[in-house]
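Asks: what shape does this take:
(chains A, B, C, D and E, ligands or ions: 4)
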Amino acid sequence: MSWEVIQQSLPLFEKAFILTLRLSAIAVILATLLGLVVAIARDSRIPVVSQICATFEELLRNTPLLIQLFFLYYGLPSIGLKLSAETCAILGSSLLGAAYMSGAFRGGFGGIPKIQIESAKALGLSPLQMIRHVILPQGLVRSVPAMAANAIFLVKETSVFTVIAVPELTNTARDLIGMYYRTDEYLLVLVIAYAIILIPMSIILTLLERRVRRGTFGD
Amino acid sequence: MAPSAIDQALVLAAQPGWTVIFTGDNFTRLLGGLWTSVSVAGLALIFGIPLGVVLGALRIMHNPILRAVLRLYLEFFRIIPTLVILFLFYYILPREMGVQVDGETIAVVAFGLWVAAEISDVVRGALISVPKHQVDAGKALGMNGLQLLWYVRLPQSVNLMIPATINLAARVIMTTSLLLLISVIDVITVGQQIMEANRMSHPDSAFWVYGFVFLLYFIVCWPLARIAQALKKRAKERNNG
Amino acid sequence: ACGSSSSGSSDSSASSQQGQTVEQIKKAGKIRIATFGDLPPYGYVKNDGARAGYDVALGNKLAEDLGVKVDWVQVNADGRVDALKSDKVDLVLANFTVTDERKQVVDFASPYMKVSIGVVSPDSAKITDADQLKGKTLAVTKGTTAETYFTQNYPDVTLQKYDSKTQQFQAFKDGRVDALADDNTYLYAWAKENPGYTVGVKTLGEESTIAPAVKKGNADLLKWVNSEIKTLTDDGFFEQAYQTELAPSFTDDIKPEDVIITK
Amino acid sequence: MAENENPATAANSNAATETPLLSVKHLRKAYGDHEVLKDISFDVPRGKVFVLLGPSGSGKSTLIRCLNGLETIQGGTIEFKGRPVSGTEKEWRKLRTEIGMVFQSYDLFPNLTVAQNILLGPTKVQKRDKSEVEPQMDRLLADVQLSEYRNAYPRELSGGQKQRIAIVRALTMNPELMLFDEVTASLDPEMVREVLELMLRLAKEHMTMIVVTHEMEFARRVADTVLFLENGVILERQSGEDFFTHPATDRARSFLDSMSPITDDEEA
Amino acid sequence: MAENENPATAANSNAATETPLLSVKHLRKAYGDHEVLKDISFDVPRGKVFVLLGPSGSGKSTLIRCLNGLETIQGGTIEFKGRPVSGTEKEWRKLRTEIGMVFQSYDLFPNLTVAQNILLGPTKVQKRDKSEVEPQMDRLLADVQLSEYRNAYPRELSGGQKQRIAIVRALTMNPELMLFDEVTASLDPEMVREVLELMLRLAKEHMTMIVVTHEMEFARRVADTVLFLENGVILERQSGEDFFTHPATDRARSFLDSMSPITDDEEA
Ligand SMILES: Nc1ncnc2c1ncn2[C@@H]1O[C@H](COP(=O)(O)OP(=O)(O)OP(=O)(O)O)[C@@H](O)[C@H]1O
Ligand SMILES: Nc1ncnc2c1ncn2[C@@H]1O[C@H](COP(=O)(O)OP(=O)(O)OP(=O)(O)O)[C@@H](O)[C@H]1O
Ligand SMILES: [Mg+2]
Ligand SMILES: [Mg+2]
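Replies: Ligands and ions are numbered 1, 2, ... in the order given. Below you'll find the predicted structure:
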């Protein structure tokens, strides 16, 4: 184990670290927004729309991100659609993330007790008012734990971007190992880099979860 | 000597891209690659689930040190991306153990320990979801810790554990896609060999081969997800009814 | 500080034997050889699942002479060193270019091919000099000499680093990069198969050699391989293998002497 | 209660010939094949209290839910203030501002404070001015001695307090009819009383109410009319006093027996 | 009841000078800083029925759980049959086979049939022979008129039936003391009666019992002694008759008032 080797690699890792953070953030945000849309559309009264969304969700949830990326990056150009590596990475992980987030939202909204909706009705609230004052606030809070788990999952999945030559953390570590054969040093930096992102993230999300829950339901 | 790539290409070039999947032994080779992936996942589960159940049961005990250690174990696997864990085992395990280990074995060990970590949390979650009054009722009959586990906690929580375990199985199978990166001849590697062998005759084979592998994974994992969902729903209904 | 310490890197065979000896391999009845699976005509897999190519032919010949069968382990460029280090294979026959860095971590046998870095580019935007690459993107495979060379000598070139040969060529054909750098030996073959592309830069940097590699310290196997390569060279095995495996994939302007080591 | 601003109630409560506030005719309700309500008919005059009694599963909750449009009905008609209800969701939404309903439990919105819970309907649905509704809310909260909980969240209240707030929430919309479905069933015994007292007070102020309850003492005191349901059919329809002193059917008698769990004659 | 095989009960029930079956002295219990039980002392002679009354949160459940070792105590002693209980989990496990307990609800194991539920304790914990326990179980099931449900699962039973089975399950272990914590609290009113009747019968057969209940009529009839708890302290200790007719403290009086939710004098 050589400190010097580690030190020399730090600038490269720093770049990769920032890229990983950036891609993670974009993926989580897009996945959340798109997931909400999919969740709502799955409840749509138009059967075609809800079926398309269900298929989308099932297809993506049940296939590995790696093969999705290969398909996007290497497969699609065969039919004339060429997207950059970063675009593929963002597209792949936010679509996959959306499928997971949609599940989180549906779980959260599905968990609202029927009586809440009925008492909203009994007050004469219109469907929109019901969504605005009762369903959204309660459903979102119930979705938070699953959303947090998905967010962490998505950050970890950025490591798979390595296969389409996106120079994120894992890619950088493997690259350095391939050039200089200092396996231990680079792996150590790699693990620490992920820990720096994910440990605080997981702690913050757990606190947030608790806070939001207590704020709304008091338990 | 075997015919060169050019000879093959002349014969095959006339056919549409998807045919590469069915050329020669390619189809069975792809299935063979898939079987490698599935069997690595299967072995990891066989090895990881029992370990996870034991760890999960230990995690509801009162010993704080044991609980902290097991929690740390779980968190490590939760925080570090599976791919990185796989690399850690791939690079470090054979060297430290001084024995020859192939990629499959490494994957089984790495995935198995990961499965054990996840299962321990599933089991713990399920066990503590058994209502307190049920446990109290068991205690009131004079049961000891093991009897409580065996007669009260486990039977009332397997309903919850099974769907989560099946979901995990699907996830492990999907994660075997990473085997490609540690030199295991998995379904994707076979796919790439096929694309390479036919790169002159079918420059568009990537679309078809990757598409086909995508489909293969879906065919394996989707039914598992459906079964898990159905069981979960049934467990919920039974709990309410 | 005590006088004569032999600091010769690859010849310090007096130290402890590493990896399997020839005897152990014979006893096991199989030799584990790392090779590429996606690099025709050197190492690839045919539609019937059989491995073929120039490296593979050599491997088969070595095994035949040892009287054992081959356990092929498919690797990517960046996995070759670790495959040896972690005892996953006995021998690497995967177009492994001899470099100083690599000599620190593995032991190379006598070379069996000549190689140099080349750059292939589309005819429409042909690159004939490495300096033209400044500000452009170049595909390389991780863990290859091309990657190291451009990283050290041309920091202005944007490298796109791929895991495998399949992926780098695919990305190149898809037009994701302006050019691709790799061993000129593959590029000759690839350019022939893909009309519209030319190896505009045929040699870059120093000419190097390709050699079998064994685990650092595996003196026993190394010795055997060296003598074997000598015999095979004398017997004309490499010329013959060139004709069957490589020549059909190359354009006519490539001569055997450009690639293999004769006499 | 001060807030019952419906001018009609007190004056008309004795005029039986008036149009009834609510009139149900031949109402039928089924879940799939399972007929839960069969040919139910009754009229509720203004200012009267109807108590629905009957064993578990007899259809009391279902009936009361039909009267608020929470269940679609399979046959019969419901008339409110003399006008038949066609049954579209839009029409029900309008009517629900005139019909208050309180459920067994948990029906305050946990994400809103007490005041926000109460103001939601009047301001958002009825589009009344907050400045007009707030004084009314404050008076009602004072009436039920819960003024100090104005800004509390439901989780900070006891069960009895929650149910009183739920009643206040319904009253603030100035309903002409109140529906109560076992509003004390999940309360601790000591909290039952505070809720029942509030309901008794409403009855005294001539609020028209339909009440499902298991509290027999309360039912006896509050009921102008008792409807005794069994198997989705009205078996008995009596004045409150008559029903409790001499029920007409055996079924009602044994029901009443079962509801006073241990009587003074020994059993074994 | 036929199965109460404890030879001591009937004969000794009047001998107050005998060692009490259970003796609690200066018991203290706290959750963190919150003292839930403060210096509780009382003796339960064999064959007597003690009823614990008191408002919600006064510590009744906590006390009864302490008597079964389900809560660890912070001070005082518990003596059972004259021997002090040291409080190790192992000792409690042994004692729990002699002390039966029935909870508010849902305490049958849903994954086992009625018979399996009942046999579990005697065969697995007491290691008695199945062939010996089964006839006893069958007699008890016949006593409570539930023989036909022998192989049913708990989900197929009504709440009242479940609670009767839970009592049978406890009785089959031949306990010398029975603890009941609001066993009818979550039952539909019509089912309360069948459970209370069973408990009355046990009392008549001189089973020693400690009962927490909100059913005042029942408490009045069954109690030899009433302990009235408030804030973790025994405020009153009276014979059953005395407590209900002239409670000594104001607090007990107002508690009794609150428990008969609506009395015949008008309120407003
Ligand atoms: N959503 C539903 N789907 C199917 N059946 C239902 C549904 N809701 C109620 N039922 C059935 O309708 C019948 C009447 O139920 P309801 O809840 O109205 O009875 P209830 O008189 O209110 O009983 P309780 O006193 O227990 O509240 C029951 O047989 C019940 O099983
Ligand atoms: N596990 C616990 N942790 C902390 N406090 C508790 C716990 N269990 C009970 N308490 C507190 O102890 C006090 C007594 O509770 P307990 O359940 O014994 O009352 P109770 O008299 O049985 O009331 P109820 O009539 O509502 O059943 C209450 O203040 C309660 O909040
Ligand atoms: Mg009901
Ligand atoms: Mg209690």
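Asks: so where does the nearest residue to A:Val28 once chain neighbours are set aside fall, helix or strand?
Replies: Excluding the flanking residues, the one nearest A:Val28 by Cβ to Cβ, 6 or more residues apart in numbering or on different chains is A:Ala151, at 4.9 Å. C-beta coordinates here come from the backbone N, C-alpha and C atoms, glycine included. In this assignment (DSSP states H and E), A:Ala151 forms part of helix A:136-157.
Asks: repeat that for A:Leu59.
Replies: helix A:47-61.
Asks: got the buried residues for the helix holding A:Ala151?
Replies: A:137-157 (16 or more other Cβ atoms under 10 Å in any protein chain shown).
Asks: I'd say A:Lys82 and A:Leu76 touch.
Replies: Yes - under the criterion of Cβ atoms under 8 Å, A:Lys82 makes contact with A:Leu76 at 7.1 Å.
Asks: more crowded one of these two?
Replies: For A:Lys82 versus A:Leu76, neighbours defined as other Cβ atoms under 10 Å in any protein chain shown are more numerous around A:Leu76 (18 against 15).
Asks: local confidence estimate at the more buried one?
Replies: pLDDT, A:Leu76: 88.
Asks: show me where the stretch 101-250 of chain D has helices.
Replies: D:114-119, D:130-143, D:159-171, D:189-204, D:216-222, D:240-245, D:250-259 (DSSP state H, counting those that start in this stretch).
Asks: return the most buried member of these.
Replies: helix D:159-171 (a mean of 24; mean count of other Cβ atoms under 10 Å in any protein chain shown).
Asks: quick one: mean pLDDT over that one.
Replies: Helix D:159-171 comes out at a mean pLDDT of 90.
Asks: which residue is nearest the middle of chain B?
Replies: B:Val172 (1.6 Å; Cα atoms, centre = their mean).
Asks: wait, doesn't that residue sit right on B:Leu45?
Replies: Yes - B:Val172 is in contact with B:Leu45 according to Cβ under 8 Å; the separation is 6.3 Å.
Asks: show me what the helix or strand harbouring B:Val135 is in contact with.
Replies: Per DSSP H and E, B:Val135 falls inside helix B:132-140. Outside helix B:132-140, the residues that touch it by Cβ atoms under 8 Å, 6 or more residues apart in numbering or on different chains are B:147-148, B:151-153, B:156, E:65, E:68-70, E:93, E:96, E:99-101, E:103-109, E:166, E:170.
Asks: what is the longest helix belonging to chain A packed up against?
Replies: For chain A, the helix with the greatest residue count under DSSP state H is helix A:3-42. Applying 3 or more Cβ pairs under 8 Å, 6 or more residues apart in numbering or on different chains; DSSP states H and E, one finds that helix A:3-42 contacts helix A:47-61, helix A:85-110, helix A:136-157, helix A:169-180, helix A:183-217.
Asks: give the rounded mean pLDDT of it.
Replies: Rounded mean pLDDT across helix A:3-42 is 93.
Asks: buried residues in it?
Replies: For helix A:3-42, burial by neighbour count (16+ other Cβ under 10 Å) applies to A:6, A:9, A:12-13, A:16-17, A:19-21, A:23-24, A:26-28, A:30-32, A:34-36, A:38-42.
Asks: following the longest helix belonging to chain C, which helix or strand shows up next?
Replies: For chain C, the longest helix by residue count, based on DSSP H, is helix C:219-235. Later in the chain than helix C:219-235, the nearest helix or strand by DSSP H and E is helix C:237-241.
Asks: the following helix or strand past that next one near chain B anywhere?
Replies: Next helix or strand after helix C:237-241 toward the C-terminus (DSSP H and E): helix C:256-259. No - using Cβ under 8 Å from any Cβ of the partner chain, helix C:256-259 never reaches chain B; the gap is at least 16.0 Å.
Asks: winner for burial among the helices and strands packed on helix A:3-42?
Replies: The most buried stretch of the helices and strands packed on helix A:3-42, if neighbours are counted by mean count of other Cβ under 10 Å, is helix A:169-180, with a mean of 24.
Asks: now do that one and helix A:183-217, the angle between them.
Replies: 180 degrees (axes from the mean of the first three to the mean of the last three Cα atoms, to 10 degrees).
Asks: can you pull the contacts of the residue nearest to A:Val28?
Replies: A:Val28, A:Met201, A:Leu205.
Asks: report the separation between D:Leu200 and D:Ser61.
Replies: Here D:Leu200 is placed at a distance of 22 Å from D:Ser61 (Cβ to Cβ, to the nearest Å).
Asks: next: B:Pro16.
Replies: Counting by Cβ to Cβ, the gap from B:Pro16 to D:Ser61 is 64 Å.
Asks: thinking again about what came up before, can you put the helices of the stretch 101-250 of chain D in TSV and add distance to A:Ala54?
Replies: As requested, the helices of the stretch 101-250 of chain D are arranged in TSV below (distance: least, Cβ to Cβ, whole Å):
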stretch	distance to A:Ala54
helix D:114-119	36
helix D:130-143	43
helix D:159-171	37
helix D:189-204	45
helix D:216-222	49
helix D:240-245	53
helix D:250-259	48
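Asks: turn those helices into TSV, including distance to chain C.
Replies: Output for the helices of the stretch 101-250 of chain D, formatted as TSV (distance: least, Cβ to the nearest Cβ, whole Å):
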stretch	distance to chain C
helix D:114-119	56
helix D:130-143	61
helix D:159-171	61
helix D:189-204	68
helix D:216-222	77
helix D:240-245	84
helix D:250-259	76
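Asks: do you know which of those lies nearest chain A?
Replies: Closest approach to chain A among the helices of the stretch 101-250 of chain D is made by helix D:159-171 (7.5 Å; Cβ to the nearest Cβ).
Asks: and that closest one, anywhere near ligand 2?
Replies: No - counting by Cβ under 6 Å from any ligand atom, ligand 2 is not contacted by helix D:159-171; separation bottoms out at 10.6 Å.
Asks: which strands or helices does that helix pack on?
Replies: strand D:99-102, helix D:114-119, helix D:130-143, strand D:177-181, helix D:189-204.
Asks: ok, 6 Å please
Replies: Packed against helix D:159-171 by the contact rule (3 or more Cβ pairs under 6 Å, 6 or more residues apart in numbering or on different chains; DSSP states H and E) you find strand D:99-102, helix D:114-119, helix D:189-204.
Asks: which one of those has the poorest average confidence?
Replies: Taking the mean pLDDT of these, helix D:189-204 comes last: a mean of 87.
Asks: off-centre distance for that one?
Replies: Distance of helix D:189-204 from the chain centroid (Cα atoms, centre = their mean, to the nearest Å) equals 13 Å.
Asks: in chain A, which residue is most central in space?
Replies: Short answer for chain A (Cα atoms, centre = their mean): A:Leu154, at 3.6 Å.
Asks: these two touch, right, it and A:Val28?
Replies: Yes - with contact defined as Cβ atoms under 6 Å, A:Leu154 reaches A:Val28; the gap is 5.4 Å.
Asks: how many neighbours does B:Ile166 have?
Replies: Neighbour number of B:Ile166 under other Cβ under 10 Å is 20.
Asks: helix/strand/coil for the closest residue to A:Ile164 other than its chain neighbours?
Replies: Distances taken as Cβ to Cβ, 6+ apart put A:Tyr73 closest to A:Ile164, at 4.4 Å, once the chain neighbours are dropped. Classification of A:Tyr73 using DSSP: H, G, I helix; E, B strand; the rest coil returns helix.
Asks: contacts for the helix holding A:Leu59 next, please.
Replies: A:Val38, A:Ala41, A:Arg42, A:Ser44, A:Leu95, A:Leu96, A:Ala99, A:Ser102 (Cβ atoms under 6 Å, 6 or more residues apart in numbering or on different chains).
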